[in-house]
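Student: Take this sequence and fold it.
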Amino acid sequence: MRKAFVTRLTFVASSRPEAQEARDQLVARYGDAGLDNAQVIVALGGDGFMLETVHELMHSGKPIYGMNKGSVGFLMNEFSDDDLLGRINAAEQAEIHPLRMTAVDVQGKSHEAIAFNEVSLLRTTRQAAKLRISVDGKVRLSEMICDGALISTPMGSTAYNLSAHGPIIPLESKILALTPISAFRPRRWRGALLSHTARLRLEVLEGAKRPVSAVADNFEAPNVVEVYIAEDRDVSICMLFDAGRSLGERVLAEQFSV
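Tutor: Numbering: from 1, shown residues only. Predicted coordinates for the structure are as follows:
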């Protein structure tokens, strides 16, 4: 069955003046069908704004096509106001499933959030964090002294995960990256690649002395004592990328960048 030809768009933009100006320019040329009637959401900004848009509008069921009016723009397409409908109709799709984090703080309160890039545990004082890591109910690392640890999706593997010297993961692979952040002990542990079905539990040891926050994309839970993380296959978003510049191609190309 052929997909419906896209003719109705709605535009969202970051607060940056250049993004707002671009939105006005595109609305004047293509019109704005509004969220309820649009077939595709066009997001104008940088990667941070794309993540905000994904979180805010993921339940709309609409594909999201981003154009870069920010800084890095790894998750965005190049900005142009020419033949936008043609580009969108020729675009390649990427279906992304997020991680779901449940974090329990020192008061026993649970905090739940999802992350399309990564879930991070981060020390919040001068004291290094102490973490215990379990995978599928089995303790795999009884104690790690570190600045923190993160669990990344393939989409997020080129972001914070890469900066922490974690591996880049092909988008089509059903793999998660578990990456230490500045590990002091065990000094030579560089992390692990896990099945996307893995269920992780990270316990904070000596949390009163060594407080830790848990961060899922742009949501932060302070003073956590344990964090549960697993992929949520019931939630997904569809992102659109220009033909020949799919997200999978970008992730692959990143492995050969110098």
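Student: Relative to Ser157, how far out is Gly70?
Tutor: Relative to Ser157, Gly70 is positioned 20 Å away (CB to CB, to the nearest Å). Placement of C-beta: from N, CA and C, glycine included.
Student: show me where the chain has helices.
Tutor: Applying DSSP state H to the chain gives helices spanning 17-30, 34-37, 47-57, 84-89, 160-163, 247-254.
Student: among these, which is nearest Thr7?
Tutor: Closest to Thr7 of the helices of the chain is helix 84-89 (CB to CB; 6.6 Å).
Student: Buried residues of that closest one, list them for me.
Tutor: 84, 87-89 (16 or more other CB atoms under 10 Å).
Student: Contacts for stretch 135-142 next, please.
Tutor: With CB atoms under 8 Å, 6 or more residues apart in numbering as the test, stretch 135-142 has contacts from 131-134, 186, 189, 192, 194, 198-201.
Student: Could you export that stretch as PDB, CA atoms only?
Tutor: The C-alpha trace of stretch 135-142 is given here as PDB (Å, rounded to 0.1, in the frame of the first residue of the first chain):
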ATOM      1  CA  VAL A 135      21.500  -6.900  34.500                       C
ATOM      2  CA  ASP A 136      18.400  -9.100  34.400                       C
ATOM      3  CA  GLY A 137      18.500  -9.700  38.100                       C
ATOM      4  CA  LYS A 138      22.200 -10.700  38.300                       C
ATOM      5  CA  VAL A 139      24.800  -8.400  39.800                       C
ATOM      6  CA  ARG A 140      27.500  -7.900  37.200                       C
ATOM      7  CA  LEU A 141      29.500  -5.200  38.900                       C
ATOM      8  CA  SER A 142      29.400  -5.100  42.700                       C
END
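Student: Quick one: distance of it to the chain centre.
Tutor: 24 Å (CA atoms, centre = their mean, to the nearest Å).
Student: okay, Gly70 and Ser157: which has more neighbours?
Tutor: Ser157 (26 against 20; other CB atoms under 10 Å).
Student: Who does Phe219 form a beta bridge with?
Tutor: For Phe219, the beta-bridge partners are Ala216 (DSSP bridges).
Student: tell me the contacts of it?
Tutor: Contacts of Phe219 by CB under 8 Å, 6+ apart are 111, 113, 115.
Student: Out of those, who's the most crowded?
Tutor: Ala115 (25 neighbours).
Student: Chain neighbours aside, what residue packs nearest to it?
Tutor: Once flanking residues are discounted, Ala115 sits nearest to Ala216: 3.9 Å by CB to CB, 6 or more residues apart in numbering.
Student: So what's the predicted local confidence for that neighbour?
Tutor: We have a pLDDT of 97 for Ala216.
Student: Look up how far Arg100 lies from it.
Tutor: Ala216 is 8 Å from Arg100, by CB to CB.
Student: Can you check which residues contact both of these two?
Tutor: By CB under 8 Å, 6+ apart, the residues touching both Ala216 and Arg100 are 113-114.
Student: Right, I'll leave it there.
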